[in-house]
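Asks: Predicted coordinates and the sequence they were generated for:
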Amino acid sequence: MTKVPLLFVILLFLLSLLSSTTAEIKTLTITSDSRPMILFEKFGFTHTGQVVISVSSVAVFSSVNAPNPDASRLGFFLLSEESLLQVLLEIQQNPHFCVLDSHYIQKLFTFSDLSPPPLSRFNRSYPVSSPNEYSLFFSNCAPETRVSMNVRTEIYNLDRDGSKDYLSAGLTQLPSLYTFFSILYLGFLGYWGYVCFTNKRSVHRIHLLMAGLLLFKALNLICAVEDKHYVKVTGTPHGWDILFYIFQFIRVVLLFTVIVLIGTGWSFLKPFLQEREKKVLMIVIPLQVLANIASVVIGETGPFIKDWVTWNQVFLLVDIICCCAIIFPIVWSIRSLRETSKTDGKAARNLAKLTLFRQFYILVIGYLYFTRIVVFALRTIAAYKYQWVSNAAEETASLAFYLVIFYMFRPVEKNEYFILDEEDEEAAELALRDEEFEL
């Protein structure tokens, strides 16, 4: 039997990583798997919830030491968030305890219910009448056994008109939410185009990249709308998930690139990148490719695959590295401007630039902190019915970040940060003398 600490790690780590999912109709293949617990889905049910499970081509391989495994020791069950601690306590008290014997789970079926070999299949629908967030598990309590099977899951809630809703109870609002934000970004893109057109002389290449960022953000949200809508109605994304991941990849790469280039002052302060700034881009862009591959694997598979946890760790590690890397160019620019201000005699202009980049630095740090830490905390502590709140908070924070950044670096002939007069010059000299602009 698997040791108790391992079961604690398996249950707690998987459930902490997996938020309520869009329970698409999924067909999965398990091959020669010896894991004691396999998590398939995590879903928020209403009082009209349904779970349909179909297994086929089931084969159980045992070792010489355990030639005849008990079929009732292998099976599927639902576990609510409230019952998780009770089950863990039972396991802790009895190292040989089988989760399938717990009174806190909702057992669906065991392998003893399968049709006899060679068909070995089972298909049944189970109603979930108690609204809650449940996790669908497969448990293998038979020692030294490996399992192979094909599993088809279909999890949904029934609406008032009897139609199926394949989105979790806390995520069914996502199509409307993403529609709202996609309209805002399209309007934002139109206004940005108008600003660039009316200030042609002040438009730089960075402003065109910023327009591209808005375009792909809007396209990404439009694909998210279609993806969630088709999953909600039919249980499958109808190919919209592919477009979603394509536009998400382009959008994320553009976002990090724009932040790095603005941080270096490229195109509007200087026409070139230094060697170390090029290296940052050469690090960030390939890492974002890897992060998006990990994102696709995480989103399109699930915790039932053996390497799912590894892909989560890869995504988190790469995201942290990229978030740290994009800060360096901003810090370099601030230090460079501070050194320049001591020698070039343009105190007011340098003070304005330092103020601008310092504000940009604080803004980027705040945005990264909110979207990585605060959003994750909201997703973790929010009740399952309000999982959409974390998505709304993330999109609101992103829109606010874009609005402030685009305003700060908008194409205007007389940027308020760079207006000079004699009084400003004298005041700036004193400010630069008194303040070191340390981060």
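Replies: Received the coordinates, thanks.
Asks: What strand or helix carries residue 226?
Replies: helix 205-234 (DSSP states H and E).
Asks: residues of that helix that come out buried?
Replies: Buried residues in helix 205-234, counted by 16 or more other Cβ atoms under 10 Å: 206-207, 209-232. For the C-beta atoms, the positions are set from N, CA and C on the backbone; glycine is no exception.
Asks: pretty sure residue 159 is in contact with residue 167, am I right?
Replies: No - using Cβ atoms under 8 Å, residue 159 makes no contact with residue 167, being 10.9 Å away.
Asks: From residue 392, how far off is residue 182?
Replies: Distance of residue 182 to residue 392, computed by Cβ to Cβ, to the nearest Å: 14 Å.
Asks: quick revisit: which of residue 159 and residue 167 has more neighbours?
Replies: Under the criterion of other Cβ atoms under 10 Å, the comparison of residue 159 against residue 167 puts residue 167 first, with 27 against 13.
Asks: For that one, give its distance to residue 174.
Replies: 7 Å.
Asks: got any residues that touch both of the two?
Replies: residue 228 (Cβ atoms under 8 Å, 6 or more residues apart in numbering).
Asks: Would you map the helices across the chain?
Replies: 4-17, 81-93, 174-198, 205-234, 240-264, 275-300, 308-325, 327-340, 347-369, 375-381, 388-408, 422-434 (DSSP state H).
Asks: ok, back up a step: avg pLDDT for the helix holding residue 226?
Replies: Averaging pLDDT along helix 205-234 gives 95.
Asks: between it and helix 174-198, how many degrees?
Replies: Computed by axes from the mean of the first three to the mean of the last three Cα atoms, to 10 degrees, the angle separating helix 205-234 from helix 174-198 equals 160 degrees.
Asks: Helix 205-234 - contacts with which helices or strands?
Replies: strand 164-165, helix 174-198, helix 240-264, helix 388-408 (3 or more Cβ pairs under 8 Å, 6 or more residues apart in numbering; DSSP states H and E).
Asks: What residues does the nearest residue to residue 405 once chain neighbours are set aside make contact with?
Replies: The shortest distance from residue 405 to any non-neighbouring residue, by Cβ to Cβ, 6 or more residues apart in numbering, is to residue 363 (6.8 Å). Counting by Cβ under 8 Å, 6+ apart, residue 363 makes contact with 401, 404-405.
Asks: with these in mind, which one is nearest to residue 39?
Replies: residue 401 (33.8 Å; Cβ to Cβ).
Asks: So that closest one is in contact with residue 365, correct?
Replies: No - proximity of residue 401 to residue 365 does not meet the contact threshold set by Cβ under 8 Å, at 11.2 Å.
Asks: and the two? which has more neighbours close in?
Replies: residue 401 (19 against 14).
Asks: how about the nearest residue to that one, chain neighbours excluded?
Replies: Residue nearest to residue 401 in three dimensions, not counting chain neighbours: residue 367, with 4.4 Å by Cβ to Cβ, 6+ apart.
Asks: Any stretches of the stretch 1-150 of the chain with poor pLDDT?
Replies: The stretch 1-150 of the chain contains residues with pLDDT under 70 at 1-23, 66-67, 117-119.
Asks: nearest to residue 149, of the helices of the chain?
Replies: Nearest to residue 149, of these and by Cβ to Cβ, is helix 308-325 at 17.7 Å.
Asks: hey, least reliable of the helices and strands packed on helix 205-234 by pLDDT?
Replies: helix 240-264 - the lowest mean pLDDT of the helices and strands packed on helix 205-234, at a mean of 89.
Asks: about what we covered before: nearest to residue 104, out of the contacts of residue 363: which one, please.
Replies: Out of the contacts of residue 363, the member with the shortest distance to residue 104 (by Cβ to Cβ) is residue 401, at 43.3 Å.
Asks: I'd like to know how far the closest one sits from residue 79.
Replies: 38 Å.
Asks: Equivalent analysis for residue 247, please.
Replies: For residue 247, the distance to residue 79 (Cβ to Cβ) stands at 36 Å.
Asks: Look at these two and report which has more neighbours.
Replies: Neighbours were counted for residue 247 and for residue 79 using other Cβ under 10 Å; residue 79 has more, 25 against 20.
Asks: For residue 93, see how far away the more buried one is.
Replies: 17 Å.
Asks: wait, which of the helices of the chain is closest to residue 142?
Replies: The closest of those to residue 142 is helix 4-17. By Cβ to Cβ, the value is 15.0 Å.
Asks: if we can go back for a sec, mind putting the contacts of residue 363 in JSON lines, distance to residue 200 included?
Replies: Putting these into JSON lines (distance: Cβ to Cβ, whole Å) gives the following:
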{"residue": "401", "distance to residue 200": "26"}
{"residue": "404", "distance to residue 200": "24"}
{"residue": "405", "distance to residue 200": "21"}
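Asks: re earlier: CSV please, covering the helices of the chain and showing distance to residue 24.
Replies: Output for these, formatted as CSV (distance: least, Cβ to Cβ, whole Å):
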stretch, distance to residue 24
helix 4-17, 18
helix 81-93, 22
helix 174-198, 13
helix 205-234, 5
helix 240-264, 9
helix 275-300, 9
helix 308-325, 16
helix 327-340, 37
helix 347-369, 30
helix 375-381, 20
helix 388-408, 17
helix 422-434, 58
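Asks: Out of those helices, the one nearest residue 135 is which?
Replies: Short answer: helix 4-17, nearest of these by Cβ to Cβ, at 6.4 Å.
Asks: Spit out the contact partners of residue 124.
Replies: Residue 124 touches 52-53, 108-109, counting by Cβ under 8 Å, 6+ apart.
Asks: now it, which residues is it bridged with?
Replies: Using DSSP bridges, the beta-bridge partners of residue 124 come out as residue 53.
Asks: Skipping its backbone neighbours, what lies nearest the most centrally placed residue in the chain in space?
Replies: Of all residues in the chain, the one closest to the mean position by Cα atoms, centre = their mean is residue 295, 7.4 Å from it. Leaving out its chain neighbours, the residue that sits closest to residue 295 by Cβ to Cβ, 6+ apart is residue 315, at 6.1 Å.
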